[in-house]
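Q: Please find the sequence and the predicted model below.
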Amino acid sequence: MLERPGGSQVKKLVKIRRLQNKTEREKTVQRKLMKERRKAQSRSTCLRKELEMLKDQDLEHLRQALSSEVQFLQARRKSSQENEQR
């Protein structure tokens, strides 16, 4: 027949059970934190990619604007040179 644990044994068992529960809660919190950290890293990666795309678009726009400006100045110089030759 099983003996019923004494008072000090019950207290030890209760204490052990509380520690196990606390450990499980801590593990749950750690899992949630890791999940949130991965989400944040993913968002950060997406934002970095989006920023890079915007930079590339800005650079392309600046290249086009500069190319147009160069063409305009070359045409103006050519016209000026033609006027001087007349």
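A: Right, received. Where do you want to start?
Q: what bits of this structure have low per-residue confidence?
A: 1-6 (pLDDT under 70).
Q: Would you state the helices of it in chain order?
A: Using DSSP state H, the helices of the chain run over 7-85.
Q: Next, name the residue at the spatial heart of it.
A: residue 44 (0.7 Å; Cα atoms, centre = their mean).
Q: With residue 78 as the reference, measure out to that residue.
A: Going from residue 44 to residue 78 by Cβ to Cβ, to the nearest Å gives 51 Å. Every residue, glycine included, has its C-beta placed from N, CA and C.
Q: re the thing from before, which residues sit in contact with the residue nearest to the centre of the chain?
A: Applying Cβ atoms under 8 Å, 6 or more residues apart in numbering to residue 44 gives no contacts.
Q: cool, and the one 5 residues further on?
A: If you count contacts by Cβ under 8 Å, 6+ apart, residue 49 has none.
Q: next one: residue 46
A: Contacts of residue 46 (Cβ under 8 Å, 6+ apart): none.
Q: so how far is residue 22 from it?
A: Residue 46 is 36 Å from residue 22, by Cβ to Cβ.
Q: One more: residue 29?
A: Distance, residue 29 to residue 22, by Cβ to Cβ: 11 Å.
Q: what number of residues lie near residue 82?
A: Burial of residue 82 is recorded as 9 neighbouring residues (other Cβ atoms under 10 Å).
Q: got the CA coordinates for stretch 64-71 in CSV?
A: The C-alpha trace of stretch 64-71 is given here as CSV (Å, rounded to 0.1, in the frame of the first residue of the first chain):
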residue,chain,number,x,y,z
GLN,A,64,17.9,60.6,-66.6
ALA,A,65,17.7,64.2,-65.4
LEU,A,66,21.5,64.6,-65.8
SER,A,67,21.5,63.0,-69.2
SER,A,68,18.7,65.5,-70.3
GLU,A,69,20.7,68.4,-68.9
VAL,A,70,23.9,67.2,-70.7
GLN,A,71,22.0,66.9,-74.0
